[in-house]
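Asker: Test case, fold it:
(one chain, ligands or ions: 2)
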Amino acid sequence: MALPSRVKIVEVSPRDGLQNEKEFVPTDIKVELINRLTAAGFPNVEAASFVSPKWVPQMADGADVMARIERRPGTIYSVLTPNMKGFEGALAAGADEIVIFGAASEAFSQKNINCSIAESIARFEPVVQAAREAGIRVRGSISCALGCPYQGEVPVESVVDVAQRYLAMQVDEIDVADTIGVGTPKRVREVMAAVTRVVDPARISGHFHDTYGQALANILAALETDISIFHTSVAGLGGCPYAKGATGNVATEDVLYMLRGLDIDTGVDFDAVVDIGQWMSAHLNRKGSSRAGNAIAAKRAA
Ligand code: HMG
Ligand code: MG
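Answerer: Ligands and ions are numbered 1, 2, ... in the order given. Sure, this is the predicted structure:
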């Protein structure tokens, strides 16, 4: 099967990567991380969240982060917005893209954003409308598309249902997210096949966490169903505070290594990303979980 020749990588470490860190990561470090990622050539960096600081204290400095980063023209800086209050923050911060984040699981919706799926959609509608009026791109994330920490199995129809609601709101991109990393390639194919029946695959992204070591295999399965946008995080940082036990996002270095081997272009400087992963891990005082990143770093040190 023909794979896409080019893939867009959305680097999510400044948001999904850091949101679960217990110790507050200084704003300076967040800003430097985003500036380094920008310089490495990522076309889209998920930079911050405009959520309740009581719910996610690590993201409380989103406005400062956005004010201090050096923007590269053409790079999309995205921020999470659960409601109008979040949107107002995003607008003031000059975000290029907002991310509304719903779920395919009722239980997770309640835990993560304190409302039902239907209530979340009703809350997102004015947010999306305001974003469209302001000329800001919109991405809709579907959490727990491959399984839920509270509900267990998630029917494919629930994922398609949220995707259709997002489509009706005219979001630009939709991400199918394996929040807790339980998916396997067969299920990824089933879910992506169902979603691509209603949404153009060019507008769908795959967001995989690597909890069960399936993320690279899942990305390959998604590539085979024509998906060409993926979310990754340097050094495999990440996790959601409301998805207990879930580990980080798939490591950017590992994905870049695999894509390079598949002759798929990303426009991202792999060596620079290895450096960033090692630098960020040193700052967090632990070894990162990217196998490719650590292997290259060890080879360099030898
Ligand atoms: P709530 O408590 O029901 O909201 O939380 P509320 O409207 O009653 O407000 C409570 C307080 O929060 C009030 O302050 C509001 O002003 C404030 P108080 O009067 O108590 O001082 N507040 C806000 N402050 C700043 N920015 C805002 C905002 N909204 C309200 N936007 C709410 C509902 C949605 C706010 C809350 O549940 C929340 O913030 N949740 C965010 C959770 C989150 O960020 N989770 C992680 C991201 S999702 C994820 O990681 C998954 C993803 O990666 C994909 C995947 O892997 O699946 C995207
Ligand atoms: Mg995530």
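Asker: Flag every residue of the stretch 201-302 of the chain that's near ligand 1.
Answerer: 207, 240, 242 (Cβ under 6 Å from any ligand atom). Heads up, the C-betas are built off the backbone N, CA and C, glycines and all.
Asker: Helices of this structure, residue ranges please.
Answerer: For the chain, the helices defined by DSSP state H occupy 27-39, 62-68, 84-92, 106-113, 117-133, 156-168, 185-196, 215-224, 252-261, 270-284, 291-301.
Asker: Please convert these to JSON lines, extending it with mean pLDDT and mean neighbour count.
Answerer: JSON lines is the format used below for those (pLDDT from 0 to 100; neighbours: other Cβ atoms under 10 Å):
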{"stretch": "helix 27-39", "mean pLDDT": "98", "mean neighbour count": "19"}
{"stretch": "helix 62-68", "mean pLDDT": "98", "mean neighbour count": "19"}
{"stretch": "helix 84-92", "mean pLDDT": "98", "mean neighbour count": "18"}
{"stretch": "helix 106-113", "mean pLDDT": "97", "mean neighbour count": "21"}
{"stretch": "helix 117-133", "mean pLDDT": "98", "mean neighbour count": "17"}
{"stretch": "helix 156-168", "mean pLDDT": "98", "mean neighbour count": "19"}
{"stretch": "helix 185-196", "mean pLDDT": "98", "mean neighbour count": "19"}
{"stretch": "helix 215-224", "mean pLDDT": "98", "mean neighbour count": "21"}
{"stretch": "helix 252-261", "mean pLDDT": "98", "mean neighbour count": "22"}
{"stretch": "helix 270-284", "mean pLDDT": "98", "mean neighbour count": "20"}
{"stretch": "helix 291-301", "mean pLDDT": "97", "mean neighbour count": "16"}
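Asker: need the ones you listed in a markdown table with distance to residue 9, can you?
Answerer: What follows is the helices of the chain, written out as a markdown table (distance: least, Cβ to Cβ, whole Å):
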| stretch | distance to residue 9 |
| --- | --- |
| helix 27-39 | 10 |
| helix 62-68 | 20 |
| helix 84-92 | 22 |
| helix 106-113 | 25 |
| helix 117-133 | 23 |
| helix 156-168 | 22 |
| helix 185-196 | 18 |
| helix 215-224 | 11 |
| helix 252-261 | 7 |
| helix 270-284 | 9 |
| helix 291-301 | 14 |
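Asker: I'd like to know which of the ones you listed lies nearest to residue 6.
Answerer: The closest of the helices of the chain to residue 6 is helix 252-261. By Cβ to Cβ, the value is 9.5 Å.
Asker: what sits up against that closest one?
Answerer: 7, 9, 11, 13, 215-216, 219-220, 230, 232-236, 265-266, 268, 270, 273-274, 277, 290-293, 296 (Cβ atoms under 8 Å, 6 or more residues apart in numbering).
Asker: hmm, back to that, among the residues of the stretch 201-302 of the chain next to ligand 1, which lie within strands?
Answerer: Within those, residues falling in strands by DSSP state E are residue 207.
Asker: so which of the residues of the stretch 201-302 of the chain next to ligand 1 comes closest to ligand 1?
Answerer: residue 240 (3.7 Å; Cβ to the nearest ligand atom).
Asker: Make sure that closest one is actually in contact with residue 249.
Answerer: No - Residue 240 lies out of contact with residue 249 (Cβ atoms under 8 Å); the separation is 9.9 Å.
Asker: Great, nothing more from me.
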